[in-house]
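*Asks:* Attaching a predicted model along with its sequence, questions to come.
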Amino acid sequence: MTNQAEPSTTPLQRHPQSAPSRGLKARLYKVLEAGHSHDWQSRLFESAMAALIILNVIAFSLETVPSIHDRHMVFFRLFDTISIAIFSFEYAARLWVCTEHPPFRGLSPLRARLKFARGPLMIVDLLVIAPFYLGFLFAIDLRVLRILRLLRFFKLARFSPAFNTMLRVLARERSALMGVLIVLLGMVIISASMLYLAEGDRPGSNFSTVPEAMWWAIVTLTTVGYGDVTPETPLGKVLAGVVMVSGLGFFALPIGIIASGFMEEFRRQDFIVTWGMAARSKVFALLKPEEITEVLKVLKARMAPPGSVIAVGGEKPGALFMIGSGEVEIVDPGRPELAPVRLDEGEYWGAKSLLTGVQAETASAISTCDLIVLDQEDFRTLSRTRPQLHRRLQLSLAEVPDPFADAEFVEPVDPLAD
């Protein structure tokens, strides 16, 4: 019995990176949470959910038109019920598969799900479905329920890379933007106070108090210029001109901060490196979740068109390659008797090359490939900045199986043979 069990386990131990995902939970995790999967199921799910969210926002707008609402009230109720059912199923499915997330694998299922449910996106998902169920328990104004349906728009953050990029930029630049807001409040108070001193003592003045003058200051600084409140004295008009010019220059500042934040984000990430992609790799088997996060910061993105040569065996320096999408064929020039090996999404090669500094395999792209690369320069940088992490990564790389371990042997070709 023991001898019969060994053959079934050995291939999994030798090639864990090529083992297909098993079970409904693993497949759902890949579709729901792994992110940026390039298979048709993931693309179909993301497109369908984004379309459903947009349709919900359109339906909300149309329901506010009495004639349309009264004529199609049954349809709107049915559409809302179906949407809530889909969103509820999605929420429950995400809670179910969250134990597949690498950071939560060491936790108990209950603790993992409670921690996962506290995430910002999961809170948004809960707020989307909660008003529908609360309406059965409490008497809630229908207009309030309709307004709360607008929260569904924010679910697009899950399915829109641009939306996520914007949120990351705003979060990263929050300190600078908060500083701009403080300066803005200061300018409003100073501008209102100056006009109060200039015209506050005039009979019938619109600036008899500083709070009254603050409305004018806000309208003037933003260059909206409603004209409902205007200064009348020469000194007041001079001050208004200074405030207008100051507003033109000031409001260019937050725009510049956000624009530079977007440029930095695009430079840092050519595409998003996700937990799901990195954690499937045997390379990170011995690393802790926080250590994987540190390694992800030095990874580089690379795109390879079909038919292009990605790496040449024997060249320096060597590098580790992981496949985000696409298919790659690798050969070992040092072992011509071995047949080429094909790798696809989630697999990798070059662990030995990264340790030795010399590329061992020649690799070519069979289809368009998104690759993640850890090169020698960044590997050495880790040895200087995070020596303990570098040593653990070295140990992990040393245990990575040879991608040619199960490669077939090919008959050598005699160039002199007819």
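*Replies:* Sure, I can see it.
*Asks:* Setting aside sequence neighbours, what's the nearest residue to residue 287?
*Replies:* residue 392 (5.9 Å; Cβ to Cβ, 6 or more residues apart in numbering). Using the backbone N, CA and C atoms, a C-beta is placed for each residue, glycine as well.
*Asks:* quick check: domain ranges of the chain?
*Replies:* Listed by automatic domain parsing, the domain ranges of the chain are 2-159, 175-253, 275-398.
*Asks:* any low-confidence regions in the stretch 1-150 of the chain?
*Replies:* Counting by pLDDT under 70, the stretch 1-150 of the chain shows low-confidence ranges at 1-22, 34-39, 139-146.
*Asks:* is it true that the residue nearest to residue 287 lies in a strand?
*Replies:* No - counting by DSSP: H, G, I helix; E, B strand; the rest coil, one finds residue 392 to be helix, located in no strand.
*Asks:* now the strands for the stretch 151-300 of the chain?
*Replies:* 300-304 (DSSP state E, counting those that start in this stretch).
*Asks:* for residue 329, phi and psi?
*Replies:* Residue 329 adopts backbone torsions of phi -110, psi 130, taken as degrees, to the nearest 10.
*Asks:* now stretch 184-197, how far from the chain's geometric center?
*Replies:* Once both centres are worked out by Cα atoms, centre = their mean, to the nearest Å, stretch 184-197 turns out to sit 41 Å from its chain's centre.
*Asks:* hang on, I meant stretch 189-205
*Replies:* For stretch 189-205, the distance to the chain centre is 49 Å (Cα atoms, centre = their mean).
*Asks:* same question, stretch 236-256
*Replies:* That offset, for stretch 236-256, works out to 36 Å (Cα atoms, centre = their mean).
*Asks:* List the buried residues of it.
*Replies:* By neighbour count, with 16 or more other Cβ atoms under 10 Å as the criterion, the buried positions of stretch 236-256 are 236, 239, 240, 243, 247, 250, 254.
*Asks:* who's in contact with the fifth one?
*Replies:* Spelled out, it's residue 247. If you count contacts by Cβ atoms under 8 Å, 6 or more residues apart in numbering, residue 247 has them with 220, 221, 222, 223.
*Asks:* how far away is it from residue 121?
*Replies:* From residue 247 over to residue 121 the distance is 36 Å, taken as Cβ to Cβ, to the nearest Å.
*Asks:* same thing with residue 385?
*Replies:* 31 Å.
*Asks:* Give me the more crowded residue out of the two.
*Replies:* residue 121 (14 against 11; other Cβ atoms under 10 Å).
*Asks:* ok, the residue nearest to residue 287 to residue 105 distance?
*Replies:* Distance from residue 392 to residue 105, by Cβ to Cβ: 18 Å.
*Asks:* before we move on, what about residue 373?
*Replies:* 26 Å.
*Asks:* now residue 300
*Replies:* In terms of Cβ to Cβ, residue 300 sits 27 Å off from residue 105.
*Asks:* For those two, work out which one has more neighbours and name it.
*Replies:* Higher neighbour count among residue 300 and residue 105: residue 300, with 15 against 11, using other Cβ under 10 Å.
*Asks:* Surely that one touches residue 377?
*Replies:* No - using Cβ atoms under 8 Å, residue 300 is not in contact with residue 377, being 9.8 Å away.
*Asks:* Wasn't residue 370 part of a strand?
*Replies:* Yes - according to three-state DSSP, the state of residue 370 is that of a strand.
*Asks:* Number of residues surrounding it?
*Replies:* Based on other Cβ under 10 Å, the number of other residues close to residue 370 is 19.
*Asks:* and what of residue 147?
*Replies:* So residue 147, with other Cβ under 10 Å, has 13 neighbours.
*Asks:* Ok, residue 299 next?
*Replies:* Residue 299 sits with 19 neighbouring residues when counted by other Cβ under 10 Å.
*Asks:* Quick check: closest non-adjacent residue to it.
*Replies:* According to Cβ to Cβ, 6+ apart, the nearest residue to residue 299 is residue 372 (5.0 Å).
*Asks:* tally of neighbours for the one you found?
*Replies:* Residues lying near residue 372 (other Cβ under 10 Å) number 21.
*Asks:* was I right about it contacting residue 301?
*Replies:* Yes - using Cβ under 8 Å, residue 372 makes contact with residue 301 at a distance of 6.3 Å.
*Asks:* name the element residue 363 belongs to?
*Replies:* Using DSSP states H and E, residue 363 falls within strand 362-365.
*Asks:* Tell me which residues are up against that strand.
*Replies:* With Cβ under 8 Å, 6+ apart, strand 362-365 has contacts from 304-313, 321, 326-333, 349.
*Asks:* Would you give the sheet partners of it, along with the direction of each?
*Replies:* strand 309-311 (antiparallel), strand 328-331 (antiparallel) (DSSP bridges).
*Asks:* Next secondary structure after the last one?
*Replies:* If I follow you right, that is strand 328-331. strand 341-343.
*Asks:* Show me which residues of that next one are buried.
*Replies:* 341, 343.
*Asks:* Please work out which residues outside it touch it.
*Replies:* 18, 323, 327, 328, 329, 330, 331, 349, 366, 403, 404, 407.
*Asks:* Partner strands of it, with direction?
*Replies:* Based on DSSP bridges, the pairing partners of strand 341-343 within the sheet are strand 328-331 (antiparallel).
*Asks:* Send me the helix or strand hosting residue 58 as CSV with only the CA atoms.
*Replies:* Following DSSP H and E, one finds residue 58 within helix 40-63. Extracted C-alpha coordinates of helix 40-63, given in CSV (Å, rounded to 0.1, in the frame of the first residue of the first chain):
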residue,chain,number,x,y,z
TRP,A,40,-12.6,34.1,-19.6
GLN,A,41,-14.5,33.3,-16.5
SER,A,42,-12.9,36.1,-14.5
ARG,A,43,-13.3,38.6,-17.3
LEU,A,44,-16.9,37.6,-17.8
PHE,A,45,-17.6,37.9,-14.0
GLU,A,46,-16.0,41.4,-13.8
SER,A,47,-17.7,42.7,-16.9
ALA,A,48,-21.1,41.4,-15.8
MET,A,49,-20.8,42.8,-12.3
ALA,A,50,-19.7,46.2,-13.6
ALA,A,51,-22.6,46.3,-16.0
LEU,A,52,-25.1,45.3,-13.2
ILE,A,53,-23.8,48.2,-11.0
ILE,A,54,-24.1,50.7,-13.8
LEU,A,55,-27.6,49.5,-14.6
ASN,A,56,-28.5,49.9,-10.9
VAL,A,57,-27.4,53.5,-11.0
ILE,A,58,-29.4,54.2,-14.1
ALA,A,59,-32.4,52.5,-12.6
PHE,A,60,-32.1,54.7,-9.5
SER,A,61,-32.1,57.8,-11.6
LEU,A,62,-35.1,56.8,-13.7
GLU,A,63,-37.1,55.9,-10.6
